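Visitor: Need a 3D model of the sequence below.
(2 chains)
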Amino acid sequence: MRAAVLTLTAILAIAFSLPAVERQPSIHLPWKEAGLTEREAAAHLLNRFAYGPRPGEVEAVVKMGLDRWLEHQLAADLPDRELERRLDRLPALDMSASEIARTYPPPGLLLMEARRAGVIREGDMKELENVEEEGDKKERRREVLRWAEQQGYRSQRELAGQLMTQKLWRAVESENQLAEVMTDFWFNHFNVSMTDNQSRGHLLSYERDAIRPNSLGEVRDLLGATARHPAMLLYLDNAQSTASEGAPTTFERRIPRRREMEEPAGRVRPTGLNENYARELLELHTLGVDGGYSQQDVIEVARAFTGWTIMPPGPRREMIERRMTGARRAGFQQEGEFLFRADAHDSGAKTVLGRKLPAGRGIEDGEAVLDLLAIHPATAKHLATKLAVRFVSDEPSPALVDRLAAVYLKSGGQVKPVLQAIAESPEFWGSVGDKIKSPFELAASAVRGLGGDVKEPRETLRWIADMGQKLYAYQAPTGYPDRAEAWVNTGSLVNRMNFGLQLAAGRVRGVDFDLKSETASRDEALRTYAERLLPGRDLKPALALLQPMIDDPGLPKKVEGATPVEQVVGVILGSPEFQRR
Amino acid sequence: MFTRRLFLKAGGVALFTLGAGPQFLTRAALAAQPPGRRKVLVTIFQRGAMDGLMAVTPLSGDLRALRPRLVMGAKELLDLGAEFGLHPAFGPLLPLWKEKRLGIVHAVGSPDSTRSHFDAQDYMETGTPGRKGTPSGWLNRAVGLLGHEGTPFQAVSMTAALPRSLYGDEPALAVTDLADFKAPAAGQSFEALYKQTSQKVLHDTADDTFQAMQMLTPEKVARYRPANGAEYPATPLGQALRQIALLVKSDVGLEVAFAESGGWDTHVQQGTVNGSFARQARDLAGSIHAFWTDLGTGYQDDVLLTTMTEFGRTVRENGSGGTDHGHGSCLFVLGNQVEGGRVHGDFPGLASGMLYEGRDLPVTTDFRAVFCELAGKHLGIKDDGRLFPGWAGKRLPLLRA
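Guide: Residues are numbered from 1 along each chain as shown, chains lettered A, B, ... in the order given. Below is the predicted model of the structure:
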């Protein structure tokens, strides 16, 4: 099914991209003004708007025209058939969010199912949840796993593996590189962490359904999609945020007002207003920490989002689905895993950032808040700053940020015009090598630079984690800080150097590439690979330092099992130049 | 940031060229404090929520009625004097208690009511209960507030990934085996390359890194033998503390260390003298005892150790011979300055009217009151409001001034 759809997409993409060749590009990239050669400029573009150049790609971009390359990247319209074929091997990517939830249940739910099916007794349940178990418990655990497999259940670990694998494959192989860069950017901006076991099973859908389709679109859509997604609703607790005791609700109770939560000891605990999502929505997703909102605004926003929750599992879900037709008239809404509970929504009047939200409404309250935030000047400035930090430098000039914020507001909160404005800014072209690659960027760019192919991603992913970026696992909602100091410390730097050496020596299993057949002598290897891996950079200093090592007559044929060529390539990959983009 | 970094650099170099001549003298003059020995705060996070009532059991009250299968009598418990008994598996800690180096804080925890491990650990590690967005952990802020020259080993976590406690602006190292911290095969080429780079962070960090590798060679790590006959358990925690002792004694500038102890989520068959709780307790106590023995009189004055856990467990036992997620728990503090041999804090008793939400030991001491005291008196951090933003409580007196 997907293959057919893609073929069509690919044809359309090619058909529509043809006229672009004749059209005058609407983008002006001032690289000449910055004193760069066209090759240097193409390399810079590939280092920032893509995961680094592949062999020959700098030349290809020059040939195509830098502006046209960027147009395609902004449109994300290039066919990606090879990649799509490969992604077909990851079954979860084709499942709906509900199917994923059913197929990859959290361990607790799996045990409950097993109990219902009579595979285990009640007394065994909690024992099996414990991590370190020996003897017959292990055996019983295996029994449960066998049973689960027969039932078609798969582990959440496998789901996480697919999520990380697709990210790496896309970054290395996709033709639409900017879409991948921006998916990474927005995921990190709207971070949800795999370390939270409630959210874990929802992350694949979160990235695929809430982030990726909007990564080059409108911020309002990103806000709406993340606000409604179970991953976010669980991670920042909005799923359990309800109108406070005594507050009026959109639908006055027939269902108990306060949602009741089962506590482990059997006691029932009421929930009320939970401010976590509201606070991070303002502080992290939109206005920024100095965005001029008060604690009262946080409370008002939290009230606006009361009742935004998720569909429960099991029989309660079916009950809700059956009643939904009638419930919609009462203000309830359901879409996939998202549920708006009118009976839990605080329907009193609210004032958010000075704007009055009238009493008596339902889901419109939250939507109105997102409308307001998406095009707020503080949001423009906050997002402009973060994008400039990602694409230009750790400390972008206030002038650049102001210009980007103005572009953002003028466009009504669109992503593409801001990205284009970055590429058109002199600051961008004056920042060659100023950014430190994240561990993920480093690994992806190294494989791309070698013209390599990640067949089995496990070891590459482990290296990325060892270099300090366990994918999807940053615990705080802030996401990974994108600053040199945050990425580089003594521990991670050793791992960066070792990663280069190990990769080049073919010791990162699962990554295929071919070094030896292409070069005859060490000298040639040095020149070839310095040029290939660091295109558009001044190679003189690196060559001056590496040459003596190459010329050393005492250099053994193999150092720790690596050939001289592999050593040369390893040192280039581990060098400071290659850590920069 | 820039100025500070430059300043830190000077100190860091001095550390590694100790005694190397005039260069050292000029650099030492720049440093605020001579490098080398520093006060060290060692923290152990007991993940999973330790049952504080089983660890340090109140002798009066109705515990036998509330948890008949879990309660131990005076015969099994170790006598802490007064009103409490220590779980026998914590036996290795008893001598330290008697020497008044080990103190206990009971009914300690977070004011936030969450019973989610994830949220409660997050809140304890950021030091901001109820707020998830705090970017930094409290131990990272502590490092920043020290204002000392940085070294690669100033803040070290013996874990695979950096814990939330050490998220933040200050560099921190996460490592499970110090032997991994070794120069790449092409080390010399890299050293030369990084010396030449104009990128300041790469240049400075590489400088630190290569010097650190000289300080802590894999040979030195492999050669390390604990002193005074200390025997560490062959467990992840035992090995973590062994390596922390190595760092302390190597004078590499360690000031904050972090380790983890797992397996405290005892929902099922928690046991009494033996069982899953006892197994974890034996590991924790044995590891701490070995660590303290290993440090010996030469280093014990420099080191303060504290445990922490995200919350306590239900006062009543559950249907599976275990306990479920509760609220208040207890923690251990070890050091020569500790007002030891005492149970600190206000233990409210277990009368049914006293229980939190009718089921749990209440929290009468905010964990920040303890951490402020430790960071304040041991590390000399004065600004509690910056260590724990939004908190204006009082320190719990635990250490002699």
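
Visitor: Give me the pLDDT for the closest residue to B:F371 other than its chain neighbours.
Guide: Once flanking residues are discounted, B:F371 sits nearest to B:W138: 6.5 Å by C-beta to C-beta, 6 or more residues apart in numbering or on different chains. Every residue, glycine included, has its C-beta placed from N, CA and C. The model reports B:W138 with a pLDDT of 98.

Visitor: so B:W138 touches B:E125, yeah?
Guide: Yes: B:W138 is within contact range of B:E125, at 7.0 Å (criterion: C-beta atoms under 8 Å).

Visitor: what's the overlap in contacts for the two?
Guide: Listed as contacting both B:W138 and B:E125 by C-beta atoms under 8 Å, 6 or more residues apart in numbering or on different chains are B:S165.

Visitor: Any idea how many residues pack against the residue in the stretch 251-400 of chain B positioned nearest to chain A?
Guide: Residue nearest to chain A within the stretch 251-400 of chain B: B:D324 (3.6 Å; C-beta to the nearest C-beta). Neighbour count for B:D324, taken as other C-beta atoms under 10 Å in any protein chain shown: 24.

Visitor: Please apply the same query to B:E76.
Guide: With other C-beta under 10 Å as criterion, B:E76 counts 13.

Visitor: again with A:E300
Guide: A:E300, neighbours per other C-beta under 10 Å, totals 23.

Visitor: which other helices and strands contact whatever helix or strand it lives in?
Guide: Following DSSP states H and E, the helix or strand that holds A:E300 is helix A:295-304. Packing partners of helix A:295-304 (3 or more C-beta pairs under 8 Å, 6 or more residues apart in numbering or on different chains; DSSP states H and E): helix A:276-280, strand A:350-352, helix A:364-374.

Visitor: so which of the ones you listed gets nearest A:L339?
Guide: Distance to A:L339, taken as C-beta to C-beta, is lowest for helix A:364-374 among these, at 12.9 Å.

Visitor: can you give me the mean pLDDT across that closest one?
Guide: Helix A:364-374 shows an average pLDDT of 98 in the prediction.

Visitor: rewinding a little: so who does the residue nearest to B:F371 touch?
Guide: B:E125, B:T126, B:G127, B:S165, B:F371, B:L387, B:F388.

Visitor: Which of those residues lies at the shortest distance from A:S492?
Guide: Scanning the contacts of B:W138 for proximity to A:S492, where the rule is C-beta to C-beta, the winner is B:S165, at 18.0 Å.

Visitor: neighbours around that closest one, how many?
Guide: B:S165 - counted by other C-beta under 10 Å - has 27 other residues nearby.

Visitor: For it, which three-state class applies?
Guide: helix (DSSP: H, G, I helix; E, B strand; the rest coil).

Visitor: wait, what's in contact with it?
Guide: B:T43, B:F45, B:E125, B:G137, B:W138, B:L139, B:N140, B:S157, B:F258 are the contacts of B:S165 under C-beta under 8 Å, 6+ apart.

Visitor: how near is it to chain A?
Guide: Distance from B:S165 to chain A, counting by C-beta to the nearest C-beta, to the nearest Å: 11 Å.

Visitor: ditto for B:A161
Guide: 6 Å.

Visitor: returning to what we had before: which among the helices and strands packed on helix A:295-304 is found nearest to chain B?
Guide: Of the helices and strands packed on helix A:295-304, nearest to chain B by C-beta to the nearest C-beta is helix A:276-280, at 4.8 Å.

Visitor: For the closest one, give me every contacting residue.
Guide: Helix A:276-280 is contacted from outside by A:227, A:232-233, A:236-238, A:241, A:298-299, A:301-302, A:304-305, A:477, B:130-133, using C-beta under 8 Å, 6+ apart.

Visitor: Checking my notes, B:L305 in a helix, right?
Guide: No: secondary structure of B:L305 (three-state DSSP): strand, not part of a helix.

Visitor: My guess is it contacts B:L96. True?
Guide: No: counting by C-beta under 8 Å, B:L96 is not a contact partner of B:L305; they are 10.0 Å apart.

Visitor: so what's in contact with the two at the same time?
Guide: B:W292, B:L334.

Visitor: Compare the two (neighbour count), which wins?
Guide: The neighbour count for B:L305 versus B:L96, taken as other C-beta under 10 Å, is higher for B:L305 (26 against 23).

Visitor: Now the most centrally placed residue in chain B. Its backbone dihedrals?
Guide: The centre of chain B sits closest to B:T43, judged by C-alpha atoms, centre = their mean, with a distance of 0.2 Å. B:T43 adopts backbone torsions of phi -120, psi 140, taken as degrees, to the nearest 10.

Visitor: Can you verify my assumption that it contacts B:V303?
Guide: No: taking contacts as C-beta under 8 Å, B:T43 lies outside contact range of B:V303: 11.5 Å.

Visitor: low pLDDT regions in chain A?
Guide: Low-confidence segments of chain A (pLDDT under 70): A:1-25, A:122-137, A:253-271, A:516-520, A:549, A:552-560.

Visitor: try 80 this time
Guide: Within chain A, the stretches with pLDDT under 80 are A:1-25, A:120-141, A:253-271, A:313-314, A:516-522, A:541-542, A:545-562, A:564.

Visitor: circling back to that earlier point, what's the helix or strand that comes right after the helix holding A:E300 packed up against?
Guide: For helix A:295-304, the following helix or strand on the C-terminal side (DSSP H and E) is strand A:308-310. Applying 3+ C-beta pairs under 8 Å, 6+ apart, one finds that strand A:308-310 makes contact with helix A:230-235, strand A:338-340.

Visitor: Ok, which of those comes nearest B:V201?
Guide: helix A:230-235 (30.9 Å).

Visitor: Close to chain A: what parts of the stretch 301-401 of chain B are there?
Guide: Residues of the stretch 301-401 of chain B that fall close to chain A, judged by C-beta under 8 Å from any C-beta of the partner chain: B:T314, B:R316, B:N318, B:S320, B:G322, B:D324, B:H325, B:E357, B:G358, B:R359.

Visitor: Nearest to B:M215 among these?
Guide: For those, the nearest to B:M215 is B:H325 (43.5 Å; C-beta to C-beta).

Visitor: Backbone dihedrals for the closest one, both of them.
Guide: Dihedral angles (degrees, to the nearest 10) for B:H325: phi -60, psi 130.

Visitor: and it, how many residues sit next to it?
Guide: 23.

Visitor: what do you get for B:R131?
Guide: 18.

Visitor: and it, what pLDDT?
Guide: 92.

Visitor: where's it relative to A:Y293, distance?
Guide: Distance, B:R131 to A:Y293, by C-beta to C-beta, to the nearest Å: 15 Å.

Visitor: next one: B:A185
Guide: Taken as C-beta to C-beta, the span from B:A185 to A:Y293 is 53 Å.
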